[in-house]
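Undergrad: Give me the fold of what follows.
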Amino acid sequence: MKTMTLSIRILVAFVVSMSALIAATPSQAAVETNVAVPFESQVFVPCANGELGELVNLSGALHVLSTATVDADGGIHLSLQSQPMGITGIGESTGDKYQGTGVTRANLNVTAAAHLTLVNNFRIIGQGRGNNFLVHETLVITVNADGTVTVAADHFSIDCK
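TA: As a prediction, the model looks like this:
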């Protein structure tokens, strides 16, 4: 599904933007990036077009703010926030206009173990009633120092209103 791909795309952008941190020395001040990333995607909105659904071609930018810190013990702490910035779309069947809204936050802490939390709220808001596509995802992963995954939970929901 395209929305799952969006979460993965955001995480990849996050990791790439923080790749310079790998060479950082312990106890380094926070590294921050604040960028606009071009965004294009096609999303199927099932509640649009009188509940027949339609493809919506979206484009615009994602505002991505990320920070990375290495603590005195060598632990790496990354955080990311992204949100649509002028993302708009047109329905292929109806020609209806849509707006992309929402906020995605991710936090990754790596010490001897690693813990990732991602909360994604992605919304495609259409004209009129009944064609708003709402996606919510909460992803939590914890990996012990020995590589054992102790928590792996992905709660994903889609709602049309």
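
Undergrad: Could you pull out the strands in the protein for me?
TA: Secondary structure of the chain by DSSP state E: the strands cover 31-45, 54-70, 76-91, 97-110, 114-126, 133-143, 149-160.

Undergrad: Reformat these into a markdown table and put mean pLDDT next to each item.
TA: Output for these, formatted as a markdown table (pLDDT from 0 to 100):
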| stretch | mean pLDDT |
| --- | --- |
| strand 31-45 | 93 |
| strand 54-70 | 95 |
| strand 76-91 | 95 |
| strand 97-110 | 95 |
| strand 114-126 | 95 |
| strand 133-143 | 94 |
| strand 149-160 | 93 |
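
Undergrad: Would you convert these into CSV that also reports mean neighbour count?
TA: In this view, the C-beta of every residue, glycine as well, is placed from N, C-alpha and C. Formatted as CSV, the strands of the chain follow (neighbours: other Cβ atoms under 10 Å):
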stretch, mean neighbour count
strand 31-45, 15
strand 54-70, 19
strand 76-91, 19
strand 97-110, 18
strand 114-126, 19
strand 133-143, 17
strand 149-160, 12
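
Undergrad: distance of the residue nearest to residue 94 when sequence neighbours are not counted from residue 134?
TA: Closest residue in space to residue 94, ignoring its immediate chain neighbours: residue 49 at 5.3 Å, by Cβ to Cβ, 6 or more residues apart in numbering. Distance of residue 49 to residue 134, computed by Cβ to Cβ, to the nearest Å: 17 Å.

Undergrad: for residue 122, same thing?
TA: 8 Å.

Undergrad: contacting residues around the residue nearest to residue 94?
TA: Each residue near residue 49 by Cβ atoms under 8 Å, 6 or more residues apart in numbering is listed here: 91, 93, 94, 131.

Undergrad: Could you pick out the buried ones from those?
TA: The neighbour count (16 or more other Cβ atoms under 10 Å) marks 91, 94, 131 as buried among the contacts of residue 49.

Undergrad: wait, which of the residues you listed is closest to residue 79?
TA: Closest to residue 79 out of the buried ones among the contacts of residue 49 is residue 131 (33.3 Å), distances taken as Cβ to Cβ.

Undergrad: which ones are touching that closest one?
TA: Contacts of residue 131 (Cβ under 8 Å, 6+ apart): 45, 47, 48, 49, 96, 160.

Undergrad: Check these and tell me the two furthest apart.
TA: Within those, two members stand farthest from each other by Cβ to Cβ: 96 and 160, at 14.0 Å.
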